[in-house]
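[1] here is a sequence together with a model predicted from it:
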Amino acid sequence: MLGKFNLGALMKGAKKVQEMMEKNQEELSKAEVTGESGAGLVKVVMNGLHIVKELQVADELMTESKEVIQDLIAAAFNNATQKASKLAQAKLTDMTQLFRGMDGEGAE
């Protein structure tokens, strides 16, 4: 196994991975997901890096108790976080494709 290891290919692959990581970080910072709760009465907009960009609370919700509003905000935030995590996971899955074949397996 070690005899088939190609250090040059590994270094080239590492550079590709670094470039792809930087590109993915930039794309994730620009991507937006929206989490909702209360049938859309609360919305949280965040980017793919989990940075909250916007919080919207419908006016009609302001008559509810503080606890209800807090619960709906938390639910919308969690919904947005799940969506952002799925987006980041998809990018990570794309990156793992670069590792295939870098260890020299299958090389004669």
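    Sure, I can see it. Numbering: from 1, shown residues only.

[2] and residue 48, how many neighbours?
    Counted with other C-beta atoms under 10 Å, the neighbours of residue 48 add up to 23. C-beta here means a position set from N, CA and C on the backbone, and glycine is covered the same way.

[3] nearest residue to it in space, please, no chain neighbours.
    Once flanking residues are discounted, residue 48 sits nearest to residue 28: 3.1 Å by C-beta to C-beta, 6 or more residues apart in numbering.

[4] now do residue 61
    Spatial nearest neighbour of residue 61, chain neighbours left out: residue 41 (4.8 Å); criterion: C-beta to C-beta, 6+ apart.

[5] cool, residue 57 as well?
    Here the residue nearest residue 57, using C-beta to C-beta, 6+ apart, is residue 42, at 5.5 Å.

[6] isn't that neighbour up against residue 62?
    No. Applying C-beta atoms under 8 Å as the test, residue 42 and residue 62 come out as separate, 11.3 Å apart.

[7] among those two, which residue is more densely surrounded?
    residue 42 (23 against 8).

[8] quick one: the biggest helix by length in the chain to chain centroid distance?
    Longest helix of the chain, by residue count under DSSP state H: helix 66-99. Offset of helix 66-99 from its chain centre (C-alpha atoms, centre = their mean, to the nearest Å): 7 Å.
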